[in-house]
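**Student:** Need a 3D model of the sequence below.
(2 chains)
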Amino acid sequence: MKTYLAQRLGIAALTLFGMSVVIFVLLRIAPGDIVDILFSTGGYVNPSERAAIEKELGLDKPIWLQYVDWLRNIATGDLGKSYRYDLPAWEIIKPLFPVTLELAILSMIVAVVLGVPTGVISAVRQDTTLDYILRVLSLAGLAMPSFWLGMVIILALVAWIGWIPPMTYVPARENFKLHFIQFALPALAVGYRSSALIMRITRSALLEVMREDYIRTARAKGQGERTVIWRHALKNAILPVVTVIGIEFAFLIGGLIVTETVFNLPGVARFLVQAIAWRDYPIVQTLVMFTAAIVIFSNLAVDMLYGVLDPRVRYGGG
Amino acid sequence: MASWHFAVAVWTALAVLALYPAGSALAQTPKPGGHLNVMLREDLPQGFAVHETATVSSSFPSMPCFNNLVIFDQLKRQESLDTLVGELAEKWSWQDNYRNLVFFLRKDVKWHDGKPFTSKDVKYTFDVVREAPDAPAKLRINPRKDWYANVEAIETPDASTVVFHLKRPQPSLLLMFASGYTPIYAAHVPPASYRTACMGTGPFKLKEWRKGEYVDYVKNPDYFIKGRPYLDTIRYLVIENRGTRMSALQSGKLDVSFPGEMTKTISEQIKKAVPQMVVTTVGQTVSDNIIMNVKKPPFDNLKVRLAVSYAIDRRGLIQAVHQGGAVLGAALPPKPWGIWGIGEQGLLALPGYGKPADEKAKAKKIMSELGYSPEKPLKVEIGTRAIAIYVDMASFVINELKQVGIEATLKQVESAQWHPMATRGDYQIGANLTGLGLDDPDANFFENYACGSPRNYSQYCNEQVMKMIEAQSQEVNNQKRLELVLALQKKLEEDAPRPILDWRLDYFSNWPYVHNMIPQNNIYNFGRMQDVWRDK
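**Tutor:** Next up, the predicted model:
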């Protein structure tokens, strides 16, 4: 187990290193840089002023040297300074993570609460009217982008009751009710889509398990249908569902761009897009690396969870 | 009985007459206090460093923090020399036949940190902006240096007097001082500090700038105009999604829209949903135009440029792209949206403004003389910024050009690359938008048409035009200056380095309980907020 964990951590470190190279190079391949953007807001370019800014920001150095400087700074805990805001990168991005994490977790809760029971019902009532209705609803969830659903929710609210959720972040300690409303609506929009995926995976995994001999044995032993499904069948069908939940959660950390924009939530994804548009390298690099770390470690957590859920799963050489 | 009725009617009429003015005055009496939520479509690109930027996204939300020497009356829609009022300057005086401009400053003004405001702050600001040889600091980028190219020296005889010595007479210099782009910086803080904070003398103090979220202001209790501002607090909310912005305005989460944000269609939708919403139509001083690189073939040929200008049906563009939310005009916006533009009748004589079929026939004839036709077209690449307001216009133009024998392929250029590309002249033809910081010929001509100006994207340089620009700039008689300006606009359209297609209108919207929020015919020069109040 320890060896396996060490191997996985080693792979995680290598992946992060690879990510650092990829994001660093990709950003510099993209046309234009922060100096172009700054002049763009002035509507002109002055070569001497341009050179002075490049020097000030260290953009005049060779790319490899910029990369080495960046890694060296990270090693000393310095994430750099935002080109756009002239402030330490960490100071800017620190408040963003709790917002995105909260939204992602709430969305996943909505997805699981909606997806798993409906998947089970759909499998148990296979080929009934209820099954068809649930499958249509799940297909609709997959077909509708969450940002579109979010926009529809906002437009419907403003048209019907002349109200929309708060447009600035309301911390829970200030006003829990408003805070909850602010997150519940985007979580519903995002969670619905994820629930559709979870529902379909749950249904197909459960249908497969329900045909196993041990399920027939459980029934033959006279166990109630509820016990058979929830204790025996679902427990064995849950592994692929957990995998999907892990992947979806990781995706949401960086994939909430438009939802955060539509609901005006100051999260990581929305800010990342702004930072890319501004070629704010320190901010983009830091956000991407953090997101990559979360993705890697949430995958690792899911893998670890397999052992808990299925005693047959063993880690390491054995 | 009749006399009884007559008496009642007379007394009722008298009572109404007696009450009406009082009631009216009562309704208009400003109420101090309250909070205002104002729309922002993006975060402040350069913070409050207004002298380092040329976008309304920075200037508008910075206005409450600052003061100018003079300003366009914030309660009037039109801006001109006649609507100038003093701000940090109590009085001003032209001397030596418009060669020296003397400002007499207020003595009761303090910076937000309590330090006194003096003439040194004024000299500091303008020495930095004009990059004087002994300037005490340097701006990172300096988009309006050219505005002050005619300033030779600035003197401060005492703490409350500033003298601007000019190289030649320039009556309209006073207008530059009134722009939203011309706040006075504090000499005791570095210019770079304005990128993250705001040290001003204005009616509101910066409380917090939450990056990407909002800018919060609180009333400045030491403001030099007693009893102002009326509001206690203002919040500028950044909402990047347009649909969400409009929903926020409609639901009352926002009280006021953003300058230049409301199109005709959107304002009509909002008005339909919220009939009490106050929608004011004003000019934006932003034009759609075609830039043609006169240094490169085929647009180094005047005939080709004229063919392009003749080919584009401006009225069709206004209807198709703006749904009627723009007006015809040459290099300066026409009345009533501006004061210097050529009127509709005058435009008819210029290329591209006549009947579309006739104008297209002229374009075809020129192209045919040059050996091109719709069947054998001249192939060019038209560049534009990869954002909808540019691309929509470019698409319309491409279709128009195709009809006269010019086949233009669209090259969408990312925002970061657009201005560098245009400044370098690294293009053939482009679909462009130009905003004027001021509705003034100097601000426009020196910036967009003068030889060597970095924003003269067409690379156009005409000695005769330069003389005309200089002549109108020095003319002290307003009527004579107008005649020179009209002739200059005519000449520019005939040379067609940058044919103007239309001037955009704004449908500025606010809830009826917001008073004294008067949009001007220029998106850059209003929003000081000192007189704004709300009765809700």
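**Student:** Do you know the pLDDT at the residue of the stretch 1-150 of chain A at minimum distance from chain B?
**Tutor:** Residue of the stretch 1-150 of chain A nearest chain B, by C-beta to the nearest C-beta: residue A:32 (2.9 Å). Every residue, glycine included, has its C-beta placed from N, CA and C. At residue A:32, the pLDDT value in this model is 87.
**Student:** ok, now how distant is it from residue B:419?
**Tutor:** Residue A:32 sits at a distance of 10 Å from residue B:419 (criterion: C-beta to C-beta, to the nearest Å).
**Student:** now residue A:255
**Tutor:** With C-beta to C-beta as the criterion, residue A:255 and residue B:419 are 32 Å apart.
**Student:** what does residue B:151 give?
**Tutor:** 26 Å.
**Student:** and the two? which has more neighbours close in?
**Tutor:** More crowded of residue B:151 and residue B:419, by other C-beta atoms under 10 Å in any protein chain shown: residue B:419, with 25 against 20.
**Student:** Now for the nearest residue to that one once chain neighbours are set aside, which secondary structure element holds it?
**Tutor:** The spatially closest residue to residue B:419, leaving aside those adjacent along the chain, is residue A:40, at 4.7 Å (C-beta to C-beta, 6 or more residues apart in numbering or on different chains). According to DSSP states H and E, residue A:40 maps onto helix A:34-42.
**Student:** by contact count, what packs against the helix or strand that that helix is followed by?
**Tutor:** Next helix or strand after helix A:34-42 toward the C-terminus (DSSP H and E): helix A:47-57. Secondary-structure packing of helix A:47-57 (3 or more C-beta pairs under 8 Å, 6 or more residues apart in numbering or on different chains; DSSP states H and E): helix A:34-42.
**Student:** and residue A:63, how many neighbours?
**Tutor:** 12.
**Student:** how much space between it and residue A:277?
**Tutor:** 21 Å.
**Student:** tell me the contacts of the residue nearest to the residue of the stretch 1-150 of chain A closest to chain B when sequence neighbours are not counted?
**Tutor:** Nearest residue to residue A:32 in three dimensions, chain neighbours excluded: residue B:416, at 2.9 Å (C-beta to C-beta, 6+ apart). Counting by C-beta atoms under 8 Å, 6 or more residues apart in numbering or on different chains, residue B:416 touches A:31, A:32, A:33, A:36, A:37, A:40, A:277, A:279.
**Student:** Could you pick out the buried ones from the residues you listed?
**Tutor:** A:32, A:33, A:36, A:37, A:40, A:277, A:279 (16 or more other C-beta atoms under 10 Å in any protein chain shown).
**Student:** now the residue nearest to residue B:340 when sequence neighbours are not counted, what's its secondary structure?
**Tutor:** Once flanking residues are discounted, residue B:340 sits nearest to residue B:332: 4.1 Å by C-beta to C-beta, 6+ apart. Counting by DSSP: H, G, I helix; E, B strand; the rest coil, the backbone at residue B:332 sits in coil.
**Student:** Residue B:332 - how many residues pack around it?
**Tutor:** Neighbours of residue B:332 using other C-beta under 10 Å come to 27.
**Student:** ditto for the one 3 residues further on
**Tutor:** The burial count assigned to residue B:335 is 16, neighbours taken as other C-beta under 10 Å.
**Student:** Could you do residue B:80 as well?
**Tutor:** With other C-beta under 10 Å as criterion, residue B:80 counts 18.
**Student:** sorry, back to before: residues in contact with the residue nearest to residue B:419?
**Tutor:** Contacts of residue A:40 (C-beta under 8 Å, 6+ apart): B:415, B:416, B:418, B:419, B:420.
**Student:** Let me know the secondary structure of the closest residue to chain B within the stretch 151-300 of chain A.
**Tutor:** Ranked by C-beta to the nearest C-beta, the top residue of the stretch 151-300 of chain A for proximity to chain B is residue A:158, at 4.3 Å. Using three-state DSSP, the structure places residue A:158 in helix.
**Student:** mind checking which helix or strand residue 226 is in?
**Tutor:** Let's take chain A. Assigned by DSSP H and E, residue A:226 falls within helix A:225-227.
**Student:** Correction: the question concerned chain B.
**Tutor:** Using DSSP H and E, no helix or strand contains residue B:226.
**Student:** Distance check, it against residue B:362.
**Tutor:** Taking C-beta to C-beta, one finds residue B:226 at 62 Å from residue B:362.
**Student:** ok, these two, which is more surrounded?
**Tutor:** residue B:362 (18 against 6).
**Student:** What is the burial count for residue 267?
**Tutor:** Unless you meant another one, I'm taking chain A. 27.
**Student:** To clarify, I was referring to chain B.
**Tutor:** Neighbours of residue B:267 using other C-beta under 10 Å come to 23.
**Student:** Perfect, that will be all.
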